[in-house]
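**Student:** What follows is a predicted structure for the sequence shown.
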Amino acid sequence: MLNIQTIRERRSNVVNNMRSLTEKAVNEERDLSDDESAKFDEYRSQLSTLDKQLDRAQVIADAERSMAVDPNQPRFGYDGCFEEQCRNFSVTRAIAAHLEPGQVDAGREFEISQELANRSGRKPSGIYIPHEVFLENRAITTTGTGGELVPTQHRADLMIDRLRTSMQVQALGATILDGLVGNQEIPRLTGSATPYWVAEHADVTPSDQAFDSVTLGPKTVGAETEYSRRMLLNAVPSVEQLVRSDLAKVIATAIDEKSITGDGTGNTPVGVLNVAGIGNTPHGTDGGVPTWDNVLNIINELAIDEALIGSLGWLTNSSVVKKMRGTVRVASTDSRMIMENAATLADYPLRQSSHMPSNGTKGTGTNLSSIIFANWADLLIGYWSAVDILVNPYHQAVYSSGGVKINALQDVDVAVRHPESFSVATDVVTV
């Protein structure tokens, strides 16, 4: 039987294909053609099959985990309520229990941490905080006597994960793999069998498929922040929300940056800009200003490799956006700018990130910026365990002032499924 992550990966591909079909029709202001409708129905059937496989794989995974769990430990999750319990996890209560042992009731928090440890097979250095605490719940506000008539709908497909929503790469559609255990090796087909035209009764020349693999291994990112001891002990909702938001930000920012620029040294992942085999569209010997032709050339890099599918979009910095919004497509004969609004480029969504380099060099060119166009679903971000929180009220820098040092640790890795799904330019002049 396929493992859960493989099924989720295939399911994500099917959903992306369904989205591409419908978005194309919407953009062209039409309904699906007969061929597109048939294809959509085929994808829907595949989705139903994958959902059934995922349910069966989850049952087996839960059963296997339950065999390894100490029967005296809490058994959250086997009644379908674990995620809800996680969302009620109080970060400040967990920290306060470390600060005042025996004085703060954090039984639920310690039980959840223990369950997360059982599930991941890894013991925390401090206490595990589940990702669910960083989920943002938006309430429907109604006025008047008709408020009772407004239904509340649970939309799991629109879940907002605060831990990673600040990550532009995820917002563009990166594939998230949660709950990983051990190193991950994902097989990849790199070469198909070769077709041959043969005469009647002649033999077909045999040919083989070629495979390699994409690997992910846990790399630890840590961030240190400081809070007032008194603030943490007064665990009112506003303080809880502040701590959750801050911890999410410090971890997410580091992961987002290395997903783009990581070079694999110092226990960092290899980010998109440093992955071998990714197409590069040069702008000039010393770099060059953005042009409409180069925008189309960057897109064409994916089209040539049959990779112009999935969660397509651009990522760059604000300097490139400013330059393209002030540069005409055809000099002297055109009043249309390369980029006509801040959210799209050549009809594909664009996001801005300060993590995109603006200090590149090439020849005599300096302060050059980068831009990426990609099927972002082929960027894999894998997470092992939960966020591990270490509480230190005795650090010399904060002890005398009644402060508390908090270390947040997250095991994560980044990999590109197909380099052909990414195209970059690293020599864009913006001044």
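**Tutor:** Sure thing, it's come through.

**Student:** all helices of this structure, in order?
**Tutor:** With DSSP state H as the definition, the chain shows helices at residue ranges 4-27, 34-68, 82-87, 91-99, 107-120, 162-165, 168-171, 229-233, 237-261, 292-304, 318-325.

**Student:** Nearest to His418, out of those helices?
**Tutor:** Of all the helices of the chain, helix 292-304 sits nearest to His418, with 10.0 Å by Cβ to Cβ. No exception for glycine: its C-beta is placed from N, CA and C like everyone else's.

**Student:** what angle separates the closest one from helix 318-325?
**Tutor:** Computed by axes from the mean of the first three to the mean of the last three Cα atoms, to 10 degrees, the angle separating helix 292-304 from helix 318-325 equals 110 degrees.

**Student:** buried stuff in helix 292-304?
**Tutor:** Trp292, Asn294, Val295, Asn297, Ile298, Ile299, Glu301, Leu302 (16 or more other Cβ atoms under 10 Å).

**Student:** helices or strands up against it?
**Tutor:** Packing contacts for helix 292-304, counted by 3 or more Cβ pairs under 8 Å, 6 or more residues apart in numbering; DSSP states H and E, involve strand 365-375, strand 422-428.

**Student:** what is the mean pLDDT for the longest one?
**Tutor:** Averaging pLDDT along strand 365-375 yields 96.

**Student:** Report all helices and strands that it contacts.
**Tutor:** Secondary-structure packing of strand 365-375 (3+ Cβ pairs under 8 Å, 6+ apart): helix 292-304, strand 312-316, helix 318-325, strand 360-362, strand 422-428.

**Student:** could you dump these to TSV with mean pLDDT and distance to Ala386?
**Tutor:** Formatted as TSV, those follow (pLDDT from 0 to 100; distance: least, Cβ to Cβ, whole Å):
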stretch	mean pLDDT	distance to Ala386
helix 292-304	95	35
strand 312-316	96	27
helix 318-325	95	33
strand 360-362	96	36
strand 422-428	97	30
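
**Student:** Figure out which of the ones you listed is closest to Lys219.
**Tutor:** With Cβ to Cβ as the measure, strand 422-428 is the member of these nearest Lys219 (20.5 Å).

**Student:** hang on, the earlier thing: among the helices of the chain, where is the model least confident on average?
**Tutor:** Ranked by mean pLDDT, the helices of the chain bottom out at helix 162-165, with a mean of 42.

**Student:** pretty sure Arg230 is touching Gly402, no?
**Tutor:** Yes: contact criterion Cβ atoms under 8 Å: Arg230 and Gly402 qualify, at 6.6 Å.

**Student:** quick revisit: output the buried residues of helix 292-304 as a markdown table; include the columns distance to Asn317.
**Tutor:** Output for the buried residues of helix 292-304, formatted as a markdown table (distance: Cβ to Cβ, whole Å):
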| residue | distance to Asn317 |
| --- | --- |
| Trp292 | 19 |
| Asn294 | 16 |
| Val295 | 16 |
| Asn297 | 20 |
| Ile298 | 16 |
| Ile299 | 19 |
| Glu301 | 20 |
| Leu302 | 21 |
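
**Student:** ok, of these, which one's closest to Glu83?
**Tutor:** Leu302 (36.2 Å).

**Student:** can you put the helices and strands packed on strand 365-375 in TSV and add distance to Ser353?
**Tutor:** Output for those, formatted as TSV (distance: least, Cβ to Cβ, whole Å):
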stretch	distance to Ser353
helix 292-304	17
strand 312-316	6
helix 318-325	9
strand 360-362	15
strand 422-428	14
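
**Student:** Those: which one's closest to Asn267?
**Tutor:** Closest to Asn267 of these is strand 422-428 (Cβ to Cβ; 23.2 Å).

**Student:** Now tell me what touches the closest one from outside.
**Tutor:** Residues outside strand 422-428 that contact it (Cβ atoms under 8 Å, 6 or more residues apart in numbering): 272-273, 275, 278-284, 286-290, 294, 298-299, 301-302, 316, 320, 323, 357, 360, 362, 365, 368-375, 378-379, 416.

**Student:** which among those residues end up buried?
**Tutor:** 272-273, 275, 278-279, 281, 283-284, 287-288, 290, 294, 298-299, 301-302, 316, 320, 323, 357, 360, 362, 365, 368-375, 378-379, 416.

**Student:** circling back to that earlier point, among the helices and strands packed on strand 365-375, which comes closest to Pro218?
**Tutor:** strand 422-428 (23.4 Å).

**Student:** buried sites along stretch 126-136?
**Tutor:** Gly126, Ile127, Tyr128, Ile129, Pro130, His131, Glu132, Val133, Phe134, Leu135.

**Student:** Need the residues that contact that stretch.
**Tutor:** Under Cβ under 8 Å, 6+ apart, the answer for stretch 126-136 is 83, 86-87, 89, 91, 94, 98, 109-110, 112-113, 116-117, 159-163, 165, 178, 244, 247-248, 383, 385-391, 407.

**Student:** what pairs with Gly279 across the strands?
**Tutor:** The bridge-partner assignment for Gly279, based on DSSP bridges, gives Ser423.

**Student:** Ser421 versus that one, what's the distance?
**Tutor:** Shown here: Gly279 relative to Ser421, a distance of 10 Å by Cβ to Cβ, to the nearest Å.

**Student:** circling back to that earlier point, nearest to Gly222, of the helices of the chain?
**Tutor:** Of the helices of the chain, the one closest to Gly222 (Cβ to Cβ) turns out to be helix 237-261, at 8.5 Å.

**Student:** Could you list the buried residues of the closest one?
**Tutor:** For helix 237-261, burial by neighbour count (16+ other Cβ under 10 Å) applies to 239-240, 243-244, 246-261.

**Student:** Please apply the same query to stretch 114-122.
**Tutor:** Buried-residue list, stretch 114-122, by 16+ other Cβ under 10 Å: Gln114, Glu115, Leu116, Ala117, Asn118, Arg119, Ser120, Arg122.

**Student:** Quick check, the second one in contact with Cys86.
**Tutor:** No: at 9.1 Å, Glu115 and Cys86 do not qualify as touching, with contact defined as Cβ under 8 Å.

**Student:** returning to that earlier point: dump the buried residues of stretch 114-122 into JSON lines; add distance to Ala425 as well.
**Tutor:** Output for the buried residues of stretch 114-122, formatted as JSON lines (distance: Cβ to Cβ, whole Å):
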{"residue": "Gln114", "distance to Ala425": "49"}
{"residue": "Glu115", "distance to Ala425": "47"}
{"residue": "Leu116", "distance to Ala425": "42"}
{"residue": "Ala117", "distance to Ala425": "45"}
{"residue": "Asn118", "distance to Ala425": "47"}
{"residue": "Arg119", "distance to Ala425": "42"}
{"residue": "Ser120", "distance to Ala425": "40"}
{"residue": "Arg122", "distance to Ala425": "40"}
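
**Student:** Show me what the residue lying closest to Pro124 once chain neighbours are set aside is bridged to.
**Tutor:** Distances taken as Cβ to Cβ, 6 or more residues apart in numbering place Asp388 nearest to Pro124, at 4.7 Å, with adjacent residues excluded. Taking DSSP bridges as the rule, Asp388 bridges to Tyr128, Leu409.
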